[in-house]
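**Q** show me the folded form of this:
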Amino acid sequence: MMLLATAQLMTVQALAAKTETIERKQLLNTDWQFVENDSDFTKAKAVTLPHDWSILHRFDAQTPAGGGGGYLPTGKGWYRRTLTLGKGYEGKKIRLYFEGVYMNSQVYVNGQRAGGWPYGYSSFWVDATPYVKTGNNEIVVSVDNSQQPNCRWYSGSGIYRNVWLVTTDKTYIDDWSIAVSTPDIHHVELTATVICADGSTRPLQRTIEVAQPRLWSPDDPYLYEAELSIPEGDRISVTYGIRTIEYSAEGGLLLNGKPLILNGACVHHDNGILGAAAYDDAEYRKARLMKEAGFNAVRTSHNPPSEAFLRACDELGLLVIDESFDGWREKKNENDYDYSILFDQWWQRDIDAMVLRDRLHPSIFCWSTGNEVIERKKIEVVKTAHQLASRIRALDPQKRPVTSAMAAWDRDWDIYDPLAAEHDIMGYNYMIFKAESDHERVPQRVMMQTESYPRDAWRNYQTTKTHTYILGDFVWTGLDYIGESGIGRYYYEGDVPGESWERPLYPWHAAYCGDVDLTGMRKPISYYRSMLWNGGTISMGVREPDGYIGKVKTSMWSTWPTQESWTWPGWEGKPIEVDVYTTQPKVSLYLNDQLIAEQPTQEMKTTFKLTYQPGTLRAVAGDERTELQTAGAPVAIRLTAEPPQARTSADKQPLTFVTVELVDAQGRVVPASDTDLTFSVSGNGTLLAVGNADIKDNDPYFDSTHRTWHGRALAVVRSNGKKGKATLTVSAKGLPTARLAVK
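**A** This next block holds a predicted model:
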């Protein structure tokens, strides 16, 4: 009987192993332990990825990363996770896929080094097959972000993107070998490489005929899905779009044969108050905010973005310049540990990682090899540019154009002609005023302005509209971001003067040059820029009176502080200016139903000067009208959850972004009566971050208290993946407590 029982048990185990279903790709974001600046895991705390440990600290003027890094600490960190593999994993190929670890990562499996990557913005693979066993396996990741400064903006620290377990048979399809090309819009060719169990390789190809193709574009971002499979059993679903890209100095940019001018925005990789953590929902939201702000293109300055961001651009219809590096061999600043220390040994591997990972995305229309490289005056730089561009062209069957963003801080611009010639499209940073003379000298050159000042919206719009050889403009920036502290700020006489590169500007810890602020709210400049490019209805912004708080000082990337507000207590009877944006030829402005003035528009806007009095301010242009009303005292806290992100994701712990507003009895936001708020979450969720859009407010984002700014704040709640809802509670002294149930 004992032998029979043992035999039956063995049969059951064998059957379980045989029928065990193993997903090819499994998310490994949960159940990690983390310890900072130590490798002693007895001190570890539980964390869920994506994880940025820098944003979970307080701002500090003395941090080695300085203003570039947002005055947040960096250092070293260790992560550990147990990976349990059943009998069904025996004989399989076991790989770990890291979407991004900042930086200098080392991956250990059961105590043995299995891989790692120095550049924090590259995704990379680790073959764990030789090191794993049936049962429990220990995965340890060390991260070293202690050499500072190494980035000119906020990088974050840690495993800040997703981690995956990828399981296949020993013969499998190489994930990054998959490529899509369209010899014509009716034929799609999928190619890949099969890695065989004996180490050899063989090609894999599938041709798909499309009788009536639906072409991908910003207006109709249609995606197809197909499958690649092999007899050994491995199969991968491939998402792609069908579209054509042409460009020339004579015809400009043609997408699917139709002219398209790029209204673009530069974006950094962080997610505002969430730091660098690349949650799928946050990455999708970032792309959605850019789309809603009227942009049709983004530049991922100055590094490859997350996969989630590119998927969102595919789905929403945003064209992308995918950028590799901020610099090449020479440092941007003295004592930097930037990419210059990695370039010679790693540039090809990092270019490969960018192109092989991203080339399936139809949103990508252009690759960028760099940004304002310091060595641009040296003849050797031409060879470097040629190497980078040639490597990209060899890896991309779609032959997308290659660019690099160029700038000059002196009169030596013409000498860059040989360097420009190595690129398919020349990127101009703040130099588009050189376009006409450059066109006369090099008439075949195709250009786009890869960075521009926010205040130059009209000029850049007109320049691109009237010159076919200029494909578009990318403003710096689409969104406010952590780091490059103080760029784009306005400030008051008596504050620390100057620009961000001239001296530390603490307590400013972020950039204020975005059309959209740190909490996701659009500034008046955003509505104006979108109107220039897309048309739209009337909008209005009120300029902060000079002297209302202090004498206003602006900086190079700033615009005048302007709000959608007619609430300026204490300024009654004093002069104030109102900007009205419209496509109509003239505007009438009314205050409390009395006509103030009627003025013609120039450059799709007009500015009224009047005396401030509380009440209702109304602008009328043709059939369009908009108004602002003076708010009363705050009587309530209003909580408004953004709609769920419209996309599918493997992440079972979605985020909810909740706008918090102080409102008066009529539900109007009260911008002039800020107060401290206390936040908490109960039920099936966690409070990830709270903050406002004031880049000088140095309250930490991880805390449970924060002050409103201009009457608003933002809270981010993460689901714990269980059934049921979480409840966000927000309270403030003297106001009723507000509660909101979120999924």
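**Q** V660 touches H710, doesn't it?
**A** No. V660 lies out of contact with H710 (Cβ atoms under 8 Å); the separation is 12.0 Å. For glycine as for every other residue, the C-beta is placed from the backbone atoms N, C-alpha and C.
**Q** looking at these two, which is more packed in?
**A** In this view V660 and H710 are compared by other Cβ atoms under 10 Å, and V660 has more residues nearby, 25 against 22.
**Q** for that one, which non-adjacent residue is closest in space?
**A** Taking Cβ to Cβ, 6 or more residues apart in numbering, and ignoring the residues beside it in sequence, V660 has A713 as its nearest neighbour in space, at 4.3 Å.
**Q** so who does G233 touch?
**A** D169 (Cβ atoms under 8 Å, 6 or more residues apart in numbering).
**Q** secondary structure class for it?
**A** coil (DSSP: H, G, I helix; E, B strand; the rest coil).
**Q** any idea of the pLDDT on it?
**A** pLDDT, G233: 94.
**Q** repeat that for K725.
**A** pLDDT at K725 comes out at 89.
**Q** just V658 next, same as before
**A** Here the pLDDT value assigned to V658 is 98.
**Q** count of residues packed around it?
**A** When counting by other Cβ under 10 Å, one arrives at 20 neighbours for V658.
**Q** and it, which of the three is it?
**A** Assigned by three-state DSSP, the conformation of V658 is strand.
**Q** grab the nearest non-local neighbour of it.
**A** A715 (4.6 Å).
**Q** beta partners for the one you found?
**A** A715 has these beta-bridge partners by DSSP bridges: V658, V690.
**Q** ok, it - contacts?
**A** Neighbour list for A715: F657, V658, V660, F679, L687, A689, V690, L728, V730 [criterion: Cβ under 8 Å, 6+ apart].
**Q** before we move on, back to that, these two touch, right, the residue nearest to V660 and D694?
**A** No. When contacts are counted by Cβ under 8 Å, A713 is not listed as touching D694 (9.8 Å).
**Q** neighbour-wise, which of the two wins?
**A** The residue with more neighbours, out of A713 and D694, is A713; 27 against 20, by other Cβ under 10 Å.
**Q** which SS class is the more buried one?
**A** What three-state DSSP gives for A713 is strand.
**Q** ok, D495 next?
**A** Classification of D495 using three-state DSSP returns coil.
**Q** look up the pLDDT of K722 for me, please.
**A** We note a pLDDT of 79 for K722 in this prediction.
**Q** ok, now which ones touch it?
**A** Contacts of K722 (Cβ under 8 Å, 6+ apart): N684.
**Q** likewise for N698?
**A** Each residue near N698 by Cβ under 8 Å, 6+ apart is listed here: R58, F59, Y71, P507, H509.
**Q** ranking these by neighbours, who comes first?
**A** Greatest neighbour count in the contacts of N698, by other Cβ under 10 Å, goes to Y71: 27 neighbours.
**Q** OK, contacts around that residue?
**A** So Y71 contacts F59, D60, A61, T63, A65, S485, Y506, P507, H509, N698 (Cβ under 8 Å, 6+ apart).
**Q** quick check: it is in a helix.
**A** No. Under three-state DSSP, Y71 sits outside any helix and is assigned coil.
**Q** from W709, how far off is it?
**A** Counting by Cβ to Cβ, to the nearest Å, the separation of Y71 from W709 is 18 Å.
**Q** this structure: helices as residue ranges?
**A** 2-19, 280-292, 307-316, 343-358, 380-395, 417-420, 435-441, 457-466, 524-534 (DSSP state H).
**Q** now do the last one: distance to the chain's middle.
**A** Taking Cα atoms, centre = their mean, to the nearest Å, one finds the center of helix 524-534 at 20 Å from the center of the full chain.
**Q** in that helix, what's buried?
**A** Within helix 524-534, the residues scored as buried using 16 or more other Cβ atoms under 10 Å are P524, I525, S526, Y527, Y528, R529, S530, M531, L532, W533.
**Q** same check, this time on the second one
**A** Of all the residues in helix 280-292, those buried under the rule 16+ other Cβ under 10 Å are D280, D281, A282, E283, Y284, R285, K286, A287, R288, L289, M290, K291.
**Q** dump these to TSV, plus distance to D674 and pLDDT.
**A** Formatted as TSV, those follow (distance: Cβ to Cβ, whole Å; pLDDT from 0 to 100):
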residue	distance to D674	pLDDT
D280	32	95
D281	28	95
A282	25	96
E283	30	96
Y284	30	96
R285	25	96
K286	26	97
A287	30	97
R288	28	97
L289	24	98
M290	28	98
K291	30	98
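**Q** spatially central residue for the protein, please.
**A** Centroid-nearest residue in the chain: H269, 4.0 Å away (criterion: Cα atoms, centre = their mean).
**Q** from Y160, how far out is it?
**A** Distance, H269 to Y160, by Cβ to Cβ: 9 Å.
**Q** list residues touching both of these two?
**A** Common neighbours of H269 and Y160 (Cβ under 8 Å, 6+ apart) are A276, A278.
**Q** circling back to that earlier point, what is the nearest of the contacts of N698 to E250?
**A** H509 (46.6 Å; Cβ to Cβ).
**Q** show the pLDDT at the closest one.
**A** In this model, H509 carries a pLDDT of 97.
**Q** and it, how far from M103?
**A** In this view, H509 and M103 are 21 Å apart by Cβ to Cβ.
**Q** thinking again about what came up before, so which of the buried residues of helix 280-292 comes closest to E603?
**A** For the buried residues of helix 280-292, the nearest to E603 is M290 (23.4 Å; Cβ to Cβ).
**Q** what separates the closest residue to that closest one other than its chain neighbours from L740, distance-wise?
**A** Spatial nearest neighbour of M290, chain neighbours left out: G478 (5.1 Å); criterion: Cβ to Cβ, 6+ apart. Noted for G478: a distance of 28 Å to L740, by Cβ to Cβ.
**Q** ok, V475 touching R455?
**A** No. Using Cβ under 8 Å, V475 is not in contact with R455; the gap is 9.8 Å.
**Q** more neighbours: which of these two?
**A** Set side by side, V475 and R455 show more neighbours around V475, with 27 against 17, by other Cβ under 10 Å.
**Q** so that one bridges to which residues?
**A** V475 has these beta-bridge partners by DSSP bridges: A265, S452.
**Q** list the contacts of V355.
**A** By Cβ under 8 Å, 6+ apart, V355 lies in contact with W367, R391, I392, L395, D396.
**Q** per-residue confidence for the closest residue to Q112 other than its chain neighbours?
**A** Leaving aside its sequence neighbours, Q112 sits nearest to Y131 (Cβ to Cβ, 6+ apart; 5.1 Å). pLDDT recorded at Y131 is 98.
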